[in-house]
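Participant: Sequence and computational prediction follow.
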There are 4 protein chains.
Amino acid sequence: MANSKFEYVKDFEQPDILLPSTWIVVRIDGRGFHKLSDHYQFTKPNDRRALDLMNAAAVEVMKELPDLCIAYGVSDEFSFVFHPSCQLFERRSAKLVTTIVSTFTAYYIHKWTEYFPSMPLHPPYLPSFDGRAVVYPSNGLLRDYMSWRQVDCHINNLYNTTFWMMVLKGGMSNTDAEQELKGTVSGDKNEILFKRFGINYNNEEEIYKKGSVLYRQFELQEPKSQEEEKDGTAVPEGKQSRSQQDKLRKLRRKAQVVVDHVDIIKDDFWERRPWILSGKPGKLPA
Amino acid sequence: MANSKFEYVKDFEQPDILLPSTWIVVRIDGRGFHKLSDHYQFTKPNDRRALDLMNAAAVEVMKELPDLCIAYGVSDEFSFVFHPSCQLFERRSAKLVTTIVSTFTAYYIHKWTEYFPSMPLHPPYLPSFDGRAVVYPSNGLLRDYMSWRQVDCHINNLYNTTFWMMVLKGGMSNTDAEQELKGTVSGDKNEILFKRFGINYNNEEEIYKKGSVLYRQFELQEPKSQEEEKDGTAVPEGKQSRSQQDKLRKLRRKAQVVVDHVDIIKDDFWERRPWILSGKPGKLPA
Amino acid sequence: MANSKFEYVKDFEQPDILLPSTWIVVRIDGRGFHKLSDHYQFTKPNDRRALDLMNAAAVEVMKELPDLCIAYGVSDEFSFVFHPSCQLFERRSAKLVTTIVSTFTAYYIHKWTEYFPSMPLHPPYLPSFDGRAVVYPSNGLLRDYMSWRQVDCHINNLYNTTFWMMVLKGGMSNTDAEQELKGTVSGDKNEILFKRFGINYNNEEEIYKKGSVLYRQFELQEPKSQEEEKDGTAVPEGKQSRSQQDKLRKLRRKAQVVVDHVDIIKDDFWERRPWILSGKPGKLPA
Amino acid sequence: MANSKFEYVKDFEQPDILLPSTWIVVRIDGRGFHKLSDHYQFTKPNDRRALDLMNAAAVEVMKELPDLCIAYGVSDEFSFVFHPSCQLFERRSAKLVTTIVSTFTAYYIHKWTEYFPSMPLHPPYLPSFDGRAVVYPSNGLLRDYMSWRQVDCHINNLYNTTFWMMVLKGGMSNTDAEQELKGTVSGDKNEILFKRFGINYNNEEEIYKKGSVLYRQFELQEPKSQEEEKDGTAVPEGKQSRSQQDKLRKLRRKAQVVVDHVDIIKDDFWERRPWILSGKPGKLPA
């Protein structure tokens, strides 16, 4: 309704529409969570309550934005993925990123007391997150992105598990533990864990080793042969109509969002859940 | 520490550094606040508690980010302004916008019960905000941006005040009130308010008429003559060193952030507070 | 070597790197060629010399930039295509576009007298071209882009052929011909051509009906079955090393650039020339 | 007129509108001019014919684009400057840059024989240029950009003059001359020139020492006092109407484009020619 001679300043807004027909990944990261996790005394190397709170907030984001196909979380970061056919907010980057960051923050703060009942939040130690959008032009690239995050999760968790064992159980100083771990490979760390602390890393909890995968649950499929698979995951050309999009959105809303801790690097995960890459909702489980 | 063959996917992140030596305005807007304000029964046309909560959250944002020069809020929106010399986060757009959106959201949720003690927040009605960054190349353009928002505040508030009087006091239906107001000018609305409801719009509260201006409080200056003013507000060329920036940041942190409801369209506001446009902190008040 | 206190102004250059792993299409267009073609008395509806000159200039661009996979020209426009794996100029948009525009212009001007010996160029009627880069995330999208240009060629040429017959042979005014053609479909135009002027549009020259396709000539392949084809054209992930790129560049330089006037909408063209979509040079013809 | 199901590919074009109210500098550079100048035997350290050809091409660009305020050339590069109020091509970056690059190339090739009558152009040694656009938010920054180029000109020319004297007159090898000049300052080079070759650098031709400044000639003004100057050069806010722009364009077309070799670092040049920074054409000289 409002109109004035100053309105011309709107022309300075520059468009930020993300390239059509590409995967959009919005990754958010906790700001200053090192300090924050000390302040609220998060358990080392992993605080189960903190991870569950991250996942709970991410589930709500998935529910509010049915356009999201999959999300992956580890430590204080979460990646949310929109399908190449997604038209939400006309694919405007700032709109997509800020909506996710703000919704996530809102639920994280709101649900805090549920997960940390004896540790009330108080300024200036309020958790907050920053975020960015990146686009990937093919299914293969998206899967490499997801693999990158899960490999990172593994590498960091093996390091942190070993480091904190050496410090908390082994009585070493932080500096000494760091020094000893410098230049070691996975095998070395597995050996330290096993020989000094009787820990078999393989028996650690999946949520710590694999991170958390969130997606909508439809009926699982038999893994397809490779040729079919290639077909099934092709990025669609052209543009979906608004009513098609609304229909798909409704179907996705009906599916439950599940939190899984499984391998997403190998083909099996994707072949059994073809709806993630295809963007076409599957059959609801009985 | 983590390294893998998948790391190449990082190359797909595209730079989003905002043009140097320009004013950066980050404007955030409440998402779906129409529905939300109904749900939590905000008073019409203005809910003082809601505005105070917006301002309280914005004050915290200003405190956390001393690089911010000024902020202006009205209704469910807030504009935060960084100086042309600002180097925060290397001026990366997504980083600046998401940090502000997330910090604001965190405080808004955290402080909610303080302002709405009898109205607890609950999903799916959690407040959230989206945001965007726009740059302005000169002081004149920044001032036109600020004027645009304040004129908008005035136009909207006059309309809303009249509309809700006609509905709440006048017993009209929403549609009838809307119909009657169509095509009216300011004078018409002032007359409706005065003749039908005995209200002199000029006597309405300043916070509703002018919105809220937040800035750091230094000693006010005598308005300068025009030539001096031009000098004082020139956008500086070149780049500040990191240590200069840190020093300025410390000085700004010491100043109190105040919430004001004053005219920011005329020169007087800016001439008395030269530190806002110059980016050079003034003298702390005694 | 040069260094000065003013060098900071370089920081204002903003990066313009095109998204990795996407097809880059640089399309150039003649500036003011309507006026220009009148001035130099181009034959209507098609001037063979002008098209041959366009193609000659484009062949030189292909030779100078072995990273180019294919080019397509029609009327006063030309589209040049770089492969998703292309790293030329670090994929900087302005650098790619201006290099093509300038090289094309240089050859167009230089070769002019060869094609228009009796019609010397003179200012202010010097031909020039503008250009832009667009990226496409998949092979399917690139092929749709190429199809778009070729369908456009067909539609425009059928119209122009009919229009100019009506004017030049039929003695109609431009306005009358335009008026009569308004709202007609292909069938109508074919009929006008045949009934009034005894012209079977199918017998028109291929260069006019199909435009010009430029590519490097390797040994043609048998069209593959669909599954293999899908494999063969997959956009490669990851990044080629600089030495790999140099090697491919050398192989491409050895191939002859040919000018063809064939259908590029159907699969056949692409299946017989798999090196275009794969980016892997084929075997040189004996 | 043309329409097809493939037309959706147009949606992949991304907007590239340059920020309003900023100076636009388009700088073009000769591609591979080192090799080219060897091939066509350019005189060292400066070839007057080559510089005159650059300037002649640039003058034509200025004439074709009356929106250009000023241009500065040195060696094989040229910077063309559009005023903050310029709306040409809706300020689309690729359109502005390619138009300048292509027009410049066209004239450079076309006029070559006029400047190098005995040295005909021939492939693959056809001159071409690349280019880029950069925006500057204030008059001060634009002047610093221009100063940067002119300081560069001076530093490079002093070096080249000394180097080629040592080689051509002094009989030194390229490597020896380079070695001796490493680490020297201006004073050292002036001394070498004077002591060994009897050359007073100050007496060298202005075109080599200062580069070439192109602008439209209106009546020179008395240098203003500083306060007035500040007023006169302020970047205008708001947007000019199309008819205003057309009118200004016509006035600019009437002015002669002159080629000057003068200092553009100090204030004097700009104060006497206020139309350059103000964008308002002056009075035509009698």
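Facilitator: Structure received.

Participant: where do the strands sit along the stretch 151-286 of chain A?
Facilitator: Along the stretch 151-286 of chain A, counting by DSSP state E, counting those that start in this stretch, strands occupy A:212-217, A:256-260.

Participant: can you redo the ones you listed as CSV with mean neighbour count?
Facilitator: In short, each C-beta sits where N, CA and C put it, glycine included. Output for the strands of the stretch 151-286 of chain A, formatted as CSV (neighbours: other CB atoms under 10 Å in any protein chain shown):
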stretch, mean neighbour count
strand A:212-217, 21
strand A:256-260, 16
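
Participant: element containing residue A:111?
Facilitator: With secondary structure defined by DSSP states H and E, residue A:111 is part of helix A:93-115.

Participant: Identify whichever of the strands of the stretch 151-286 of chain A lies nearest to chain B.
Facilitator: Proximity to chain B, assessed across the strands of the stretch 151-286 of chain A by CB to the nearest CB, is greatest for strand A:256-260 (13.6 Å).

Participant: Up against chain B, what does the stretch 101-250 of chain A have?
Facilitator: A:101-103, A:105-107, A:109-110, A:121, A:123-124, A:126-136, A:141, A:144-145, A:147-148, A:151-152, A:155-156, A:159 (CB under 8 Å from any CB of the partner chain).

Participant: Please indicate which of those are buried?
Facilitator: A:101-103, A:105-107, A:109-110, A:121, A:126-136, A:141, A:144-145, A:147-148, A:151-152, A:155-156, A:159 (16 or more other CB atoms under 10 Å in any protein chain shown).

Participant: pLDDT below threshold where in chain A?
Facilitator: A:1-2, A:224-239 (pLDDT under 70).

Participant: Which residue does it have closest to chain C?
Facilitator: residue A:137 (3.5 Å).

Participant: residues contacting that residue?
Facilitator: A:19, A:21-23, C:19-22, C:84, C:137-138, C:235 (CB atoms under 8 Å, 6 or more residues apart in numbering or on different chains).

Participant: Let me have the residues you listed in JSON lines, extended by distance to residue B:171.
Facilitator: Conversion of the contacts of residue A:137 to JSON lines gives the following (distance: CB to CB, whole Å):
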{"residue": "A:19", "distance to residue B:171": "54"}
{"residue": "A:21", "distance to residue B:171": "54"}
{"residue": "A:22", "distance to residue B:171": "55"}
{"residue": "A:23", "distance to residue B:171": "55"}
{"residue": "C:19", "distance to residue B:171": "59"}
{"residue": "C:20", "distance to residue B:171": "64"}
{"residue": "C:21", "distance to residue B:171": "64"}
{"residue": "C:22", "distance to residue B:171": "61"}
{"residue": "C:84", "distance to residue B:171": "67"}
{"residue": "C:137", "distance to residue B:171": "58"}
{"residue": "C:138", "distance to residue B:171": "61"}
{"residue": "C:235", "distance to residue B:171": "66"}
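
Participant: Selecting buried members of those in PyMOL, what would you type?
Facilitator: The PyMOL command for the buried members of these (criterion: 16+ other CB under 10 Å) is given here:
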select buried, (chain A and resi 19+21+22+23) or (chain C and resi 19+20+21+22+84+137+138+235)
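
Participant: if we can go back for a sec, show the backbone phi and psi for the residue of chain A closest to chain C.
Facilitator: phi -80, psi -10 (degrees, to the nearest 10).

Participant: Please verify my assumption that residue A:258 contacts residue A:220.
Facilitator: No. The criterion here is CB atoms under 8 Å, and residue A:258 misses it with residue A:220 at 11.4 Å.

Participant: Which strands and helices lie in contact with the strand or helix carrying residue A:52?
Facilitator: Using DSSP H and E, residue A:52 falls within helix A:48-64. On a contact count with 3 or more CB pairs under 8 Å, 6 or more residues apart in numbering or on different chains; DSSP states H and E, helix A:48-64 meets strand A:68-74, strand A:77-82, helix A:93-115, strand A:212-217, strand A:256-260.
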